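>>> Give me a model of this one.
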Amino acid sequence: MAQACNLEEVTKLLQLHFQPRLPQRKDWGIGCLGAGFIMRECHLVAYRQAGFRPAAIYSRTYERAYDLAQRFGIPRCYRNLEDLLSDPEVEILDIAVPPDQQPDLIREATKYAAKIRGILAQKPLAMSYRLGREIVELCERCNIRLAVNHNMRYDQSVRALKDLLERGWLGSIVLATIEMRAIPHWMPWAQGLRSLSTFIMSIHHLDTFRFWFGNPERVLASTRPDPRTKFPHRDGINLYILEYDQGCRACAWDDVWTGPCKEGSEGDIYIRWRVEGTEGLARGTIGWPAYPARCPSTLDFTTRQFPGYWFSPRWSEVWFPDAFVGTMAQLLCAVEENCEPEISGRDNLDTLALCEAVLLSAQEHRAVTLDEIRRNPPYEAVCEPRNP
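Numbering: from 1, shown residues only. Here you go, the predicted model:
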């Protein structure tokens, strides 16, 4: 390296903080609701890795829950939700069900507020800002810590960049982009919901922009149906720009089509991000499209502090399933410290507001502010699905 480089400082640069903070106690009794893919391949795998303690599991399909109980050594498998909620060892609820079913489960759980200390809900918390706000306020009244499983915040490159931003190595942010060319596997429950890509896929990137830069002032968006997805929907391919009053612009191309690679052409699948500041530049990839192969996300950055160099820290951890340690850990830390979770339900309302703003902006072809959504959130009927 050039003589101007301070080796100690460079070493610090390459030791970015991307690992989650863990609770002092790891033996909180976790009650698991749901036995689908996310619970099976992500939550329970990550909890076993971290040493957390699932105490009971429930699913409407008992056989699936029983299989997971056997596979992961969960001592109790229940046929009835009420039995799990009243289990004296269940102090934390881990919910992994479709978003239209989640609010009713949270309402039921609040009846057991005397023993349930915290709830980890899936994203989206609800399929509208109005309903999400109702659920947040209910949990606050019952003194239950509500956290939302925005697991992309714990993707290793996303979290490492957050550390880089907090150190100031990139200066004031000018432009940030996320470009997704990937084909999701839409679950059957996605059919018939008021939103497809916005509340299920783009919500990851909208929340990540909030994690990196805070809340934008306004949103401009354009959406169109995805030619491959045959059931009625409006928002398949999403393009949106977030405007920050201090000058930063953040935008994403959420392309779930990517060309006819499932219909015979060659494919070009990836997720890339890039953040440009007045003092430096960072770029990265998200390894998720390669799942189930373990493909770590990446980060490369350069800064005026050390001109002429690109730095490329690397790690072995991956988003799926390793990031799910962090989403549960931040709730457990909040419960034992009696504070708000890092991804609290109250904070998450602004992510739901961004989703609403994308839908409304695309529908009415205008800029939409977050304040507009907060003051007068649309009813779900505003964005009824239509045939592609």
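>>> Pull the distance from the longest helix along the chain to the chain's centre.
The residue-count maximum for a helix in the chain (DSSP state H) belongs to helix 345-364. Distance, stretch centre to chain centre, for helix 345-364: 14 Å (CA atoms, centre = their mean, to the nearest Å).
>>> what about that helix, average pLDDT?
Per-residue pLDDT over helix 345-364 has a mean of 98.
>>> for that helix, packing partners?
For helix 345-364, the packing partners by 3 or more CB pairs under 8 Å, 6 or more residues apart in numbering; DSSP states H and E come out as helix 129-141, strand 145-149, helix 203-213, strand 218-224, strand 237-243, strand 368-369, helix 370-375. In this view, the C-beta of every residue, glycine as well, is placed from N, C-alpha and C.
>>> How about the secondary structure of L93?
Three-state assignment for L93 (DSSP: H, G, I helix; E, B strand; the rest coil): strand.
>>> Please enumerate the strands of this structure.
In the chain, the strands defined using DSSP state E lie at 29-33, 53-58, 76-78, 92-95, 118-122, 145-149, 173-181, 218-224, 237-243, 249-255, 270-277, 280-285, 298-303, 368-369.
>>> and the third one, which strands flank it?
The sheet places strand 76-78 alongside strand 53-58 (parallel), with pairing taken from DSSP bridges.
>>> which residues touch the residue nearest the centre of the chain?
Centroid-nearest residue in the chain, with CA atoms, centre = their mean: H150, separated by 2.4 Å. Taking CB atoms under 8 Å, 6 or more residues apart in numbering as the criterion, H150 is in contact with 123, 204, 207, 211, 327, 343, 348, 351.
>>> Please name the residues that touch A190.
196, 200.
>>> where does the chain have its least confident helix or strand?
In the chain, no helix or strand scores lower on mean pLDDT, DSSP states H and E than helix 7-13, which sits at a mean of 67.
>>> In the protein, where is pLDDT below threshold?
1-13, 380-388 (pLDDT under 70).
>>> Where do the domain boundaries of it fall?
Domain assignment of the chain by automatic domain parsing yields the ranges 29-151+327-344, 153-323+354-369.
>>> For burial, what's the neighbour tally of E263?
Residues lying near E263 (other CB atoms under 10 Å) number 8.
>>> residues contacting it?
With CB under 8 Å, 6+ apart, E263 has these contacts: R228.
>>> how does it look with 6 Å?
Listed by CB atoms under 6 Å, 6 or more residues apart in numbering, the contact set of E263 is empty.
>>> What of L125?
Neighbour list for L125: 132, 148, 348 [criterion: CB under 6 Å, 6+ apart].
>>> give me that answer again for 7 Å
Counting by CB atoms under 7 Å, 6 or more residues apart in numbering, L125 touches 132, 135, 148, 345, 348, 352.
>>> Just the closest of these to L84, please.
Proximity of these to L84 (CB to CB) peaks at I135, which lies at 19.2 Å.
>>> Report the separation between that closest one and S86.
21 Å (CB to CB, to the nearest Å).
>>> Many thanks, I have nothing further to ask.
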